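>>> Provide a 3D model corresponding to the input given below.
(2 chains)
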There are 2 protein chains.
Amino acid sequence: MASAAPRWIEAINKALNLPDNKGKIIYQVATIDATNTPRVRSQVHRGFLSPEGRDDLPLLVTSTDTRSPKVSQVLGNQRVQLCWWMEGSQDQFRITGFAHIHPSPTPGASSPTPIPDEAIALNLLAKQGFDWETKRREVFAGMKPEMRASWCTPYPPGTPISSYEEQKGWPKSVPLEDEAATDEDKRNLQTALRNFGLMLFEPVEVDWVALGAQPNKRLVFRRQGELWVEHLVSP
Amino acid sequence: MASAAPRWIEAINKALNLPDNKGKIIYQVATIDATNTPRVRSQVHRGFLSPEGRDDLPLLVTSTDTRSPKVSQVLGNQRVQLCWWMEGSQDQFRITGFAHIHPSPTPGASSPTPIPDEAIALNLLAKQGFDWETKRREVFAGMKPEMRASWCTPYPPGTPISSYEEQKGWPKSVPLEDEAATDEDKRNLQTALRNFGLMLFEPVEVDWVALGAQPNKRLVFRRQGELWVEHLVSP
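Predicted structure coming up:
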């Protein structure tokens, strides 16, 4: 059974563990909007996740406000690419694959985005009955209270507001259940949890260029069927 | 005459000049390929450029190997977005606009990409007879000799190669005219100059979010006609 982690994940972890790349867990994720314009924004990497027994099919885990425009962009086109630039070592990983958004199960919240047939890892997780809600709450709990407050703004991200004054009444910090001191804290926690979604990427291609090496090295990993195939390319 | 530089360029320059953002001149540029997949890669910011007398219409200047796939992507769809993440201050600038690629005038090299009617700054530069070739050579000259070598690889970026051994014979450094010591240096310089292209972005929207401020501040600048209009939005 082909279950060893792919070599590209080793390369990412090795780069991430270099002292020069400390804290480099932010990548830029590109999607396409309804007007056929590319959109790209920074997101925080929250770790890897694999189906049981299939370390060869890792996903990247990040998060989103489920009211943000990227959700409808992913609904319209699940092909995405992210660019992970590790400045310290000058390594760039460009990861192409499928995005999947897993929102709150609260009634009235959005539904998980559909999983394309080619997304074999996401389909396998579904078949294995993966507990997305526990994972979602775990990632949520791992955030700083100030970060959690960003999911209980009264308006969806990008909505025009009249002045900075208006923001002054917004929650600045959202504690977890066992630390929630007031009714307001509890309401904010519910709101933030309702707007918080997991965002998953299932890679089918990883293009790694090492610009810190002379001459530059570039290696492309492609998933063919269920196997990762790699080849050298000109940088 | 509305010729003052737009406020967003001030915001970018202010952020860039913070000691915490030292050297943060790399942004991620998203394009769309022929299979309707978004593509995103890191590029180095090489400064701003405006039509004469029109500081209100600045372009961003970067560069590319004109053999790279992004050139055909821009030919297919000139709408691009770039994401400029300034880690030190936690400022993110997402710039939407038109891309334009200006290659070498050498016979056999590619042609400049067409300029859309809405790209008023690029059209104005053309009308003013802007000397792109001088600019191209100036940006080329500003690169390190090792960087210049990346434009004289024998194959277009992404071409499969048989082994790292093959790369050993490739030029490692390309000196400029007055430093070229050998015939090989001179040939390499011609090759690199032929493959080197300017890449310009004409912004029509700049979405700035200051995640270092509490509460987070987000401001969107849009070009309407020839005027920049700004409004606050929910972060």
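>>> Show me what secondary structure element comes after the lengthiest strand in chain A.
Scanning chain A for the longest strand, with DSSP state E as the assignment, gives strand A:196-210. The C-terminal neighbour of strand A:196-210 among helices and strands, as given by DSSP states H and E, is strand A:217-224.
>>> tilt between that following strand and strand A:196-210?
Following axes from the mean of the first three to the mean of the last three Cα atoms, to 10 degrees, one obtains 130 degrees for the angle between strand A:217-224 and strand A:196-210.
>>> as a whole number, average confidence for strand A:217-224?
Strand A:217-224 shows a mean pLDDT of 98.
>>> Centre of the chain to that strand, how far?
21 Å (Cα atoms, centre = their mean, to the nearest Å).
>>> Can you name every helix or strand that it contacts?
helix A:7-16, strand A:196-210, strand A:227-232 (3 or more Cβ pairs under 8 Å, 6 or more residues apart in numbering or on different chains; DSSP states H and E). Heads up, the C-betas are built off the backbone N, CA and C, glycines and all.
>>> Counting by contacts, list what the longest strand of chain A packs against.
Using 3+ Cβ pairs under 8 Å, 6+ apart: strand A:196-210 touches helix A:7-16, strand A:59-65, helix A:69-76, strand A:91-102, helix A:120-127, helix A:132-141, strand A:217-224.
>>> Would you mind writing the CA trace of the helix or strand following the first one as CSV?
To tie it back to what came earlier, the one meant is helix A:7-16. Next helix or strand after helix A:7-16 toward the C-terminus (DSSP H and E): strand A:26-32. Output of strand A:26-32 as CSV, limited to C-alpha atoms (Å, rounded to 0.1, in the frame of the first residue of the first chain):
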residue,chain,number,x,y,z
ILE,A,26,1.6,32.3,5.4
TYR,A,27,0.9,31.5,1.8
GLN,A,28,-1.0,33.3,-1.0
VAL,A,29,-4.0,31.5,-2.3
ALA,A,30,-5.3,32.3,-5.8
THR,A,31,-8.9,31.7,-6.9
ILE,A,32,-11.0,32.9,-9.9
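>>> just to revisit the earlier point, most tightly surrounded among the helices and strands packed on strand A:217-224?
Mean neighbour count (mean count of other Cβ atoms under 10 Å in any protein chain shown) peaks for strand A:196-210 among these, with a mean of 23.
>>> Pull up the pairing partners for that strand, direction included.
The strands that strand A:196-210 pairs with in its sheet are strand A:59-65 (antiparallel), strand A:91-102 (antiparallel), strand A:217-224 (antiparallel) (by DSSP bridges).
>>> Show me what counts as buried in the strand or helix carrying A:L189.
Taking DSSP H and E as the criterion, A:L189 maps to helix A:183-195. By neighbour count with 16 or more other Cβ atoms under 10 Å in any protein chain shown, helix A:183-195 contains the buried residues A:D185, A:N188, A:L189, A:Q190, A:T191, A:A192, A:L193, A:R194, A:N195.
>>> Point out where chain A drops to low pLDDT.
Along chain A, segments meeting pLDDT under 70 span A:1-2.
>>> Write down the beta-bridge partners of the residue nearest to the spatial centre of it, one by one.
Against the mean C-alpha coordinate of chain A, by Cα atoms, centre = their mean, the closest residue is A:T62 at 2.4 Å. Bridge pairing for A:T62 (DSSP bridges) gives the partners A:M199.
>>> residues contacting it?
Shown in contact with A:T62 (Cβ atoms under 8 Å, 6 or more residues apart in numbering or on different chains): A:V29, A:Q43, A:V44, A:H45, A:R46, A:L198, A:M199, A:L200, A:F201.
>>> hmm, back to that, what's the closest of the buried residues of helix A:183-195 to chain B?
Among those, A:N195 lies closest to chain B (Cβ to the nearest Cβ), at 11.9 Å.
>>> Does the closest one touch A:P154 like I think?
No. At 10.7 Å, A:N195 does not count as touching A:P154 under the criterion of Cβ atoms under 8 Å.
>>> Residues that sit against both of those two, list them.
Joint contacts of A:N195 and A:P154 (Cβ under 8 Å, 6+ apart) do not exist.
>>> rewinding a little: how about the helices and strands packed on strand A:217-224, which one is nearest B:H231?
Nearest to B:H231 among those is strand A:196-210 (26.3 Å), distances taken as Cβ to Cβ.
>>> measure the closest residue in space to A:K22 that isn't next to it in sequence to B:C83 for me?
Nearest residue to A:K22, sequence neighbours excluded (Cβ to Cβ, 6 or more residues apart in numbering or on different chains): A:G88, at 7.4 Å. Per Cβ to Cβ, to the nearest Å, A:G88 is found 19 Å from B:C83.
>>> between the two, who's got more neighbours?
Shown here are A:G88 and B:C83; by other Cβ atoms under 10 Å in any protein chain shown, B:C83 has more neighbours (22 against 15).
>>> count of neighbours near the residue lying closest to A:L16 once chain neighbours are set aside?
In space, and not counting its chain neighbours, A:L16 is closest to A:K24: 6.6 Å by Cβ to Cβ, 6+ apart. Using other Cβ under 10 Å, A:K24 is surrounded by 19 other residues.
>>> thinking A:K24 is in contact with A:E87, fair?
Yes. Using Cβ under 8 Å, A:K24 is in contact with A:E87, at 6.6 Å.
>>> quick one on the thing from earlier: any chance of the helices and strands packed on strand A:196-210 in JSON lines, with distance to B:E177 too?
Putting those into JSON lines (distance: least, Cβ to Cβ, whole Å) gives the following:
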{"stretch": "helix A:7-16", "distance to B:E177": "37"}
{"stretch": "strand A:59-65", "distance to B:E177": "46"}
{"stretch": "helix A:69-76", "distance to B:E177": "47"}
{"stretch": "strand A:91-102", "distance to B:E177": "31"}
{"stretch": "helix A:120-127", "distance to B:E177": "53"}
{"stretch": "helix A:132-141", "distance to B:E177": "55"}
{"stretch": "strand A:217-224", "distance to B:E177": "29"}
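>>> picking up where we left off before, so for A:P116, which of the helices and strands packed on strand A:217-224 sits nearest?
Of the helices and strands packed on strand A:217-224, nearest to A:P116 by Cβ to Cβ is strand A:196-210, at 9.0 Å.
>>> how long is stretch A:125-143 from one end to the other?
This stretch, stretch A:125-143, spans 24 Å end to end (Cα to Cα, to the nearest Å).
>>> got it, and stretch A:136-149?
One end of stretch A:136-149 sits 16 Å from the other (Cα to Cα).
>>> Next: stretch A:27-36.
22 Å.
>>> And for stretch A:55-64?
25 Å.
>>> mind listing what's buried in it?
Buried, per 16+ other Cβ under 10 Å, within stretch A:55-64: A:D56, A:L57, A:P58, A:L59, A:L60, A:V61, A:T62, A:S63, A:T64.
>>> and if you look at stretch A:145-153?
A:P145, A:M147, A:R148, A:A149, A:S150, A:W151, A:C152, A:T153.
>>> Out of those, which is nearest to chain B?
Nearest to chain B among the buried residues of stretch A:145-153: A:T153, at 5.2 Å, using Cβ to the nearest Cβ.
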